[in-house]
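1. Show me the folded form of this:
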Amino acid sequence: MRNSVAIFGGSFDPPHISHVLAAVYASKVGGFEQVLVVPVFEHAFAKQLTPFAHRVALCEAAFAGIAGVSVSALSR
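-> Reported below is the predicted structural model:
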């Protein structure tokens, strides 16, 4: 059996309801078994971001309790 995983990357600075809705949509409507939320360590265009560890903690709080959605703290 093959697992289908959606990778949902972004700065998540801060994570908000639209991020949560997108993850739930991918899980429920898109048919993915898991959605992996991956905050970027650095912005692609050098935009100043809130410290990485803080954004990961905010993502963990925002996506907590949503079945099939998890947060990755991969940084580089």
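
2. residue ranges for the strands of the chain, please.
-> Assigned by DSSP state E, the strands in the chain fall at 5-10, 34-39, 69-71.

3. Turn these into a markdown table, including mean neighbour count.
-> For every residue, glycine as well, the C-beta is placed using N, CA and C. Shown next, in a markdown table, are the strands of the chain (neighbours: other C-beta atoms under 10 Å):
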| stretch | mean neighbour count |
| --- | --- |
| strand 5-10 | 15 |
| strand 34-39 | 21 |
| strand 69-71 | 20 |
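
4. Could you export these as TSV, including mean pLDDT and distance to Y25?
-> Formatted as TSV, the strands of the chain follow (pLDDT from 0 to 100; distance: least, C-beta to C-beta, whole Å):
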stretch	mean pLDDT	distance to Y25
strand 5-10	96	10
strand 34-39	97	9
strand 69-71	97	11
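
5. any chance of those in a markdown table, with distance to E60 too?
-> Formatted as a markdown table, the strands of the chain follow (distance: least, C-beta to C-beta, whole Å):
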| stretch | distance to E60 |
| --- | --- |
| strand 5-10 | 14 |
| strand 34-39 | 9 |
| strand 69-71 | 5 |
